[in-house]
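Student: Sequence below, structure please.
(one chain, ligands or ions: 1)
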Amino acid sequence: MASPARPVALITGASSGIGATFARHLAARGFDLILVARRTEKLQALASELPVHSDLVTADLATDDGVAKVVEVIHNCPHLELLVNNAGFGSLGRFWLADPASQEAMHRVHVLATVRLTHAALAAMTARNKGGVINVSSVAAFSINEGNVSYCATKAWMNSFTEGLALELRGAQSAVKVQALCPGFTITEFHDTLGVDRKGIPGFLWMTADFIVQTSLKGLDKGKVIVVPGWIYRTIVTFLRPLPYSIRRHLRRPFRDRRV
Ligand SMILES: NC(=O)c1ccc[n+]([C@@H]2O[C@H](COP(=O)([O-])OP(=O)(O)OC[C@H]3O[C@@H](n4cnc5c(N)ncnc54)[C@H](OP(=O)(O)O)[C@@H]3O)[C@@H](O)[C@H]2O)c1
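Tutor: As a prediction, this is how the structure comes out:
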């Protein structure tokens with residue numbers, strides 16, 4: 001059982017990559033953990049290496065039942081101080097040719113699960129005037145790409161949702177913090193799952209999950225709402241952000257029919 005004296009963090013998509021890295025860094029900061037993903041054995045392996053108490057929740061966040069299970073866990077966790085909505089995946093191919101079920105699953109995981117879990121967490125956090133939510137978005141939130149439409153759209157939604165919440169929390173003079181974390185290319189299982197060869201992307205664009213998580217947690221300490229790790233990506237985003245669609249559409253990544 002989690003110690004009542006210790007803060008608790010719930011991380012979705014904790015079975016690999018950025019989520020597992022959040023677990024390691026938050027354990028080092030003294031958090032007990034609730035780790036959520038579909039691959040129970042990966043969660044068990046992670047929990048066995050961590051020096052803190054971890055509860056494991058096997059849930060598919062693309063399903064109503066999976067999300068409801070995690071909402072219930074949040075309702076039963078009075079010491080939840082941090083929610084990390086990190087679970088996610090990419091897709092390739094033109095929208096109308098892509099598998100509709102996987103497109104819908106992406107919206108369910110990135111959008112619906114984030115809405116439901118954040119609502120459950122903020123109800124208690126705002127009442128206690130303490131806590132935070134990190135939504136793991138992407139630099140794709142600032143761009144539009146052929147072959148990647150739902151991914152860019154759902155991540156753009158995450159940024160807008162987070163900025164809106166930050167405004168409401170500030171308006172309510174709440175101490176609860178929210179952050180949209182916007183990584184660029186990060187070495188995790190993400191591109192393996194997608195079938196993309198990392199060699200097709202220049203080496204200087206890759207970052208480690210450790211760097212992403214350190215930057216996020218430093219940003220959370222300072223109350224930063226949009227966190228873009230790495231100066232290269234911050235520069236790209238600074239130029240992209242104010243541009244109208246009529247210009248941004250000419251800066252898109254060219255569509256590739258085959259997986260690189
Ligand atoms: N890697 C990058 O270059 C990059 C860049 C920008 C943003 N991101 C974002 O970072 C987040 C984490 O990705 P990652 O890079 O760490 O990739 P990853 O290693 O593939 O991790 C993805 C995590 O999401 C979980 N997940 C996927 N679908 C799920 C579902 N239906 N229900 C529950 N859990 C699910 C996976 O767990 P199970 O398979 O065990 O369920 C896994 O733990 C994602 O939101 C991604 O969009 C990644």
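Student: going forward, measure contacts and count neighbours with C-alpha atoms only.
Tutor: OK.
Student: Which residues of the protein lie near the ligand?
Tutor: By Cα under 6 Å from any ligand atom, the part of the chain that sits against the ligand consists of 13-19, 37-39, 59-62, 86-89, 109, 136-138, 183-190.
Student: Buried among these? Make that a PyMOL selection.
Tutor: This is how PyMOL selects the buried members of the residues of the chain next to the ligand, with burial counted by 16 or more other Cα atoms under 10 Å:
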select buried, resi 13+14+15+16+17+18+19+37+38+39+59+60+61+62+86+87+88+89+109+136+137+138+183+184+185+186+187+188+190
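Student: Where strands are concerned, which of the residues of the chain next to the ligand count?
Tutor: Using DSSP state E, 37, 136 are the members of these that sit in strands.
Student: hey, what's residue 132 bridged with?
Tutor: residue 82, residue 177 (DSSP bridges).
Student: Against residue 243, how distant is the residue nearest the centre of the chain?
Tutor: With distances taken as Cα atoms, centre = their mean, the chain has residue 136 as the residue nearest its mean C-alpha position (2.1 Å). Distance check for residue 136 against residue 243: by Cα to Cα, to the nearest Å, it reads 23 Å.
Student: Could you give the number of residues near residue 192?
Tutor: 11 (other Cα atoms under 10 Å).
Student: ok now the helix or strand containing it, how far from the chain's centre?
Tutor: For residue 192, the element it lies in under DSSP states H and E is helix 190-194. Here the centre of helix 190-194 is set off from its chain's centre by 16 Å, with Cα atoms, centre = their mean, to the nearest Å.
Student: so where's the stretch 1-150 of the chain uncertain?
Tutor: 1-4 (pLDDT under 70).
Student: Roughly how far does residue 77 sit from residue 62?
Tutor: Look at residue 77 and residue 62: by Cα to Cα, they are 22 Å apart.
Student: likewise residue 14?
Tutor: Note on residue 14: its distance to residue 62, by Cα to Cα, is 15 Å.
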